[in-house]
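Chemist: All I have is the shape, not the residue letters:
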Ligand SMILES: *[C@@H]1O[C@H](CO)[C@@H](O)[C@H](O)[C@H]1NC(C)=O
Ligand SMILES: *[C@@H]1O[C@H](CO)[C@@H](O)[C@H](O)[C@H]1NC(C)=O
Ligand SMILES: *[C@@H]1O[C@H](CO)[C@@H](O)[C@H](O)[C@H]1NC(C)=O
Ligand SMILES: [Zn+2]
């Protein structure tokens, strides 16, 4: 071995030791059971809002079926809807308009609208997120998970996981929300992470796009007229 390759071998072994210790210690893959009343919110209430995140799509089977709603649960009961958003990349030509980015952008506009319900100053709007929960029908990509942490949401709840999306053919950046949330402890506001909420229903919005044999979401049927198989609204 040359001196150089000794150093290289040492760096490689340090690197893998570092990775192992990360996975063995704080990077626990366990998150709260979605059927529990975490933060005093009933599971049926979580289900209700996750279905609203699907409804926020505005169509029964858009290709990029990523929808989100933002809810104030600190009022108790069912909670109050503040804003919603859906992936609008292809509508706007803006590649960062994922459902969560669209929802956050929409919330800021709604919270600061001088003619709206809230009439907050920008500074008040920034602080308002600490009371709010974002529901997204699929686990956020690292961009959106980071945006959620920068916003300082009280809770972040997702349905379908990134791992499931990858299995079903979606291109994804392989950094879990658990990783983004675990690495963001220097930020001043904590975010409670809940995953797999109503995944049995959110999954159906993401399973048909790359699998012509999979049935379409409710309200849609297969259409082969364009030369490829897609789901179209009835
Ligand atoms: C959320 O509810 C709390 C009451 O618990 C209220 O003080 C706060 O203004 C609400 N935030 C928004 C954005 O509605
Ligand atoms: C903003 O949120 C409101 C309330 O959910 C919704 O009615 C509206 O369609 C949303 N706007 C956009 C651009 O997503
Ligand atoms: C999905 O599971 C929930 C319970 O977590 C249940 O209430 C709901 O009916 C199920 N949806 C379907 C379509 O089976
Ligand atoms: Zn995203």
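Modeler: Okay, I see it. Because the structure is predicted, anything quoted here is derived from the model rather than measured. Numbering: from 1, shown residues only. Ligands and ions are numbered 1, 2, ... in the order given.
Chemist: Residue 221 reaches residue 215, doesn't it?
Modeler: No - counting by Cβ atoms under 8 Å, residue 221 stays clear of residue 215, with 9.1 Å between them. Backbone N, C-alpha and C define where each C-beta goes, glycine included.
Chemist: Check residue 8 and give its pLDDT.
Modeler: Looking at residue 8, its pLDDT stands at 42.
Chemist: Show me what from the chain comes close to ligand 4.
Modeler: 98, 141, 143-144 (Cβ under 5 Å from the ion).
Chemist: now with 6 Å?
Modeler: The chain comes close to ligand 4 at residues 98, 100, 140-141, 143-144, as judged by Cβ under 6 Å from the ion.
Chemist: Contact residues of the protein facing ligand 3?
Modeler: Within the chain, the positions near ligand 3 by Cβ under 6 Å from any ligand atom are 198, 200-201.
Chemist: Just name the closest of the residues you listed to ligand 2, please.
Modeler: Using Cβ to the nearest ligand atom, residue 198 is the member of those that lies nearest ligand 2, at 18.7 Å.
Chemist: which other residues reach the helix or strand residue 181 falls within?
Modeler: Here residue 181 sits within helix 177-182, counting by DSSP states H and E. The contact list for helix 177-182 (Cβ atoms under 8 Å, 6 or more residues apart in numbering) reads 26-27, 29, 31, 139-140, 142, 145-146, 149, 156, 158, 162, 191, 193, 195.
Chemist: Show me which of the residues you listed are buried.
Modeler: Among the contacts of helix 177-182, the ones that count as buried by 16 or more other Cβ atoms under 10 Å are 31, 139-140, 142, 145-146, 149, 156, 158, 162, 191, 193, 195.
Chemist: So residue 212, which state does it fall into?
Modeler: Under DSSP: H, G, I helix; E, B strand; the rest coil, the three-state class of residue 212 is coil.
Chemist: Give me the subset of the residues of the chain next to ligand 4 lying in helices.
Modeler: In helices, judged by DSSP state H, the following of the residues of the chain next to ligand 4 are found: 100, 143-144.
Chemist: all strands of the protein, in order?
Modeler: 67-72, 80-86, 132-138, 155-160, 192-194, 220-223, 230-233 (DSSP state E).
Chemist: Pull the number of nearby residues for residue 107.
Modeler: Neighbour count for residue 107, taken as other Cβ atoms under 10 Å: 24.
Chemist: Quickly list what the spatially closest residue to it that is not a sequence neighbour is bridged to.
Modeler: Spatial nearest neighbour of residue 107, excluding adjacent residues (Cβ to Cβ, 6 or more residues apart in numbering): residue 83 at 4.1 Å. On the basis of DSSP bridges, residue 83 is bridged to residue 70.
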